[in-house]
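> From the sequence below, what's the structure:
(one chain, ligands or ions: 1)
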Amino acid sequence: MATENIALITLFGAAGDLAHRKLYPSLFKLYQKGYLADHFALLGTSRREKSDEEFQALVADSIKDIKETKAGEAAAFAKHFFYQAHDVTKPEHYDVLKDRLAELDQQFVTKGNRLFYMSVAPQFFGVIAMNIKKQGLLTDEGYNRLIMEKPFGRDFASAKELNDELSQTFEENQIFRIDHYLGKEMVQNIQALRFGNTIIESLWNNRYIDNIQVTLSEKLGVEERAGYYDNSGALRDMVQNHIMQVVAQLAMEQPVSFTDSDVRVEKIKALRSLRVYTPSEAASNFVRGQYDAGADTPAYRDADGVPADSATETFVAAKLLFDNYRWSGVPFYVRTGKKLADKFTRIDVVFKKPLIDIFANPRMTSDQSLKSNVLTIYVEPESGFALRVNAKSTGQGFKTEPVDLKFLQSAAEKKEAPEPYERLFHDALEGNHTNFASWAEIAYSWKFVDVVRKLWDIEEPQFPNYAPGSMGPAASDELLARDGRAWIYKLNK
Ligand SMILES: NC(=O)c1ccc[n+]([C@@H]2O[C@H](COP(=O)([O-])OP(=O)(O)OC[C@H]3O[C@@H](n4cnc5c(N)ncnc54)[C@H](OP(=O)(O)O)[C@@H]3O)[C@@H](O)[C@H]2O)c1
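The predicted structure follows:
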């Protein structure tokens, strides 16, 4: 039975792409399930003029593809939405917001529970937070919470500056920094798999694990986001946030309890023990790439809005090392890129082989020897996991072959599973930080990434260096081959 959340949401960037594609549909799903009901309202803002009715029509349009569970549900939902033209940089505009929020608070009896959502360009994050306080938009009665989109800074220095600005208005426990990877079913399942299963957690260390591999692979190129992307690159856009968050969940110790504060403590400790490389270590443990032209697709440098000599990386592979008792000597290999073979995210946990292969005999070829056990966590598009084990192959004689013990979510289960934004909205309404990035986590991951960024900013890359439809440059395979290892996911396998 869903518990109704009572909240007045102020959305900055209400006419934007994210709001239309993700935020309104997610709120509607929460409404359908009873997590939002009579006592919620949303005041949308952006600069362009719009009446409440026009805004309600825009919201209705964004949810038109979601099947109603009751007649008239979508129209009733849209009636909770209101609009105020507003320029975030103009302090006087916040006076009007303040009055409208007070009215809506009364009308919907939202008991002073205020959730401010910043879905605007990041340069506005600081000014919005400052004006929320200065112009008196906070309430003393209920809660004041801030949800913010990525990116959180461009490096440690700018992230710290932003965090200092936010801290003038909001305490750390009032800030919810979105990393939509943390809203994904199988990323959340990492903790269930690890801490709910003796057979997994008891092996989750350097005695039994040889290496861990994380792949976030995208099939698309930069498409319409060229302007933003060329300024960012894969290191900032994917590694500093999504990959570091996934890695922290894989590396963390067991929390005392599954509460947000206990989980945070352990993620922070994990990131603290991540080895920050010297520039020369970074040079040998990081690989960057940029895609070339393919048969029917232009090179990154020829995409609209990208300079012809762009040095922006569209691919990163790296070897990460944790200096702690659990992980000493176990490399975490990560890779992400655009225009790769397929769109998928997966984690491969590669276990050590048995110390002695008693089945080996002189007539055996090397591919008949025992294989490593691999636990694969499929994050998307499939959700599930597989455990590769060695078994006797059926028939005369004695040979072993790897077989997969596999669980994949059914199509029906997948359809029922909430989208990341729905989960994360719900968590923020409940005040649960488990699936949001804390400032300390962000600070450690920027410090780690900054060394690489600085190095790459001064060294000219040899771009382009990989073909669309591949799994990145050859140097990505060499990074593992050097250690006598290979990526578990390979093309055509
Ligand atoms: N779109 C995505 O899939 C996606 C994914 C991940 C993260 N994000 C993040 O989400 C945020 C929003 O992205 P988006 O794609 O929705 O951006 P967008 O489509 O460009 O929308 C930006 C919104 O901000 C408003 N705005 C711009 N300047 C303003 C000002 N001075 N005062 C008040 N409102 C102003 C715009 O409306 P007016 O022009 O009418 O003011 C519009 O509503 C960004 O931080 C982005 O990095 C987006």
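> Which helix or which strand is home to K269?
Taking DSSP states H and E as the criterion, K269 maps to helix 260-272.
> what comes into contact with that helix?
191, 244-245, 247-249, 251-256, 322, 324, 432-434, 438, 440-441, 444-445, 448 (C-beta atoms under 8 Å, 6 or more residues apart in numbering). Quick note: C-beta positions are derived from backbone N, CA and C, even for glycine.
> Give me the nearest residue to the residue in the stretch 1-150 of the chain positioned nearest to the ligand, chain neighbours excluded.
Here the stretch 1-150 of the chain gets closest to the ligand at one residue, G16, 2.4 Å apart by C-beta to the nearest ligand atom. In this structure, G16 finds its nearest non-sequential neighbour in S119, 5.7 Å apart by C-beta to C-beta, 6 or more residues apart in numbering.
> Near the one you found, how many residues? Count them for me, please.
When neighbours are counted by other C-beta atoms under 10 Å, S119 registers 21.
> Now it, what are its backbone angles?
Here is the backbone geometry of S119 (degrees, to the nearest 10): phi -110, psi 50.
> repeat for the one 5 residues further on
For F124, the backbone dihedrals (degrees, to the nearest 10) come out as phi -100, psi -10.
> what about W446, distance to Y181?
17 Å (C-beta to C-beta, to the nearest Å).
> I meant R21, not that one.
According to C-beta to C-beta, R21 stands 17 Å off from Y181.
> okay, those two: which has more neighbours?
Comparing R21 with Y181 by neighbour count (other C-beta under 10 Å), the higher total belongs to Y181, at 23 against 12.
> got the contact list for that one?
V187, N241, H242, Q245, V246, T345, P420.
> got a list of what the fourth one touches?
Residues in contact with Q245 (C-beta under 8 Å, 6+ apart) are D179, Y181, L182, V187, K267, A437, E441.
> run the last query once more with 10 Å
By C-beta atoms under 10 Å, 6 or more residues apart in numbering, the contact list for Q245 reads D179, Y181, L182, V187, K267, L271, N435, F436, A437, E441, I442, S445.
> A strand includes I358, no?
No: assessed with DSSP: H, G, I helix; E, B strand; the rest coil, I358 is coil; it does not lie in a strand.
> Can you classify A14 as helix, strand or coil?
Per three-state DSSP, A14 ends up coil.
> got the phi/psi numbers for it?
Per degrees, to the nearest 10, the backbone of A14 is at phi -70, psi -20.
> quick one: the strands in the stretch 351-493 of the chain?
Ranges of strands in the stretch 351-493 of the chain, per DSSP state E, counting those that start in this stretch, are 374-380, 384-392, 400-408.
> Tell me what angle the last one forms with strand 384-392.
This points to strand 400-408. Computed by axes from the mean of the first three to the mean of the last three C-alpha atoms, to 10 degrees, the angle separating strand 400-408 from strand 384-392 equals 160 degrees.
> tell me which strands and helices strand 400-408 is in contact with?
Counting contacts by 3 or more C-beta pairs under 10 Å, 6 or more residues apart in numbering; DSSP states H and E, strand 400-408 packs against strand 374-380, strand 384-392.
> which stretch among these comes nearest the ligand?
strand 374-380 (15.5 Å).
> one step back: and the residue nearest to G16, how far from Y421?
11 Å.
> Ok, D404 next?
According to C-beta to C-beta, D404 stands 32 Å off from Y421.
> Repeat that for D164.
According to C-beta to C-beta, D164 stands 28 Å off from Y421.
> Neighbour count for the two, which is higher?
Y421 (21 against 10).
> Now that one: closest residue in space that isn't a chain neighbour?
With C-beta to C-beta, 6+ apart as the criterion, Y421 has its nearest non-adjacent residue at 4.1 Å, and that residue is S26.
> buried stuff in the lengthiest strand in the chain?
Criterion DSSP state E: the longest strand present in the chain is strand 36-46. Judged by neighbour count using 16 or more other C-beta atoms under 10 Å, the buried positions of strand 36-46 are L36, A37, H39, F40, A41, L42, L43, G44, T45, S46.
> quick one: average pLDDT of that strand?
The pLDDT scores in strand 36-46 average 97.
> Show me which of the contacts of Q245 is closest to the ligand.
The ligand lies nearest to D179 out of the contacts of Q245, by C-beta to the nearest ligand atom, at 9.7 Å.
> Okay, that closest one and L216: tell me how far apart.
Counting by C-beta to C-beta, the separation of D179 from L216 is 12 Å.
> Now the common contact residues for those two.
Jointly contacting D179 and L216 under the rule C-beta under 10 Å, 6+ apart are H242, V246.
> buried ones in stretch 236-252?
For stretch 236-252, a neighbour-count test (16+ other C-beta under 10 Å) marks 236-252 as buried.
> restrict the buried residues of strand 36-46 to those near the ligand?
S46 (C-beta under 6 Å from any ligand atom).
> could you dump the buried residues of strand 36-46 to a markdown table with distance to R301?
Conversion of the buried residues of strand 36-46 to a markdown table gives the following (distance: C-beta to C-beta, whole Å):
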| residue | distance to R301 |
| --- | --- |
| L36 | 46 |
| A37 | 52 |
| H39 | 53 |
| F40 | 47 |
| A41 | 47 |
| L42 | 42 |
| L43 | 43 |
| G44 | 38 |
| T45 | 38 |
| S46 | 33 |
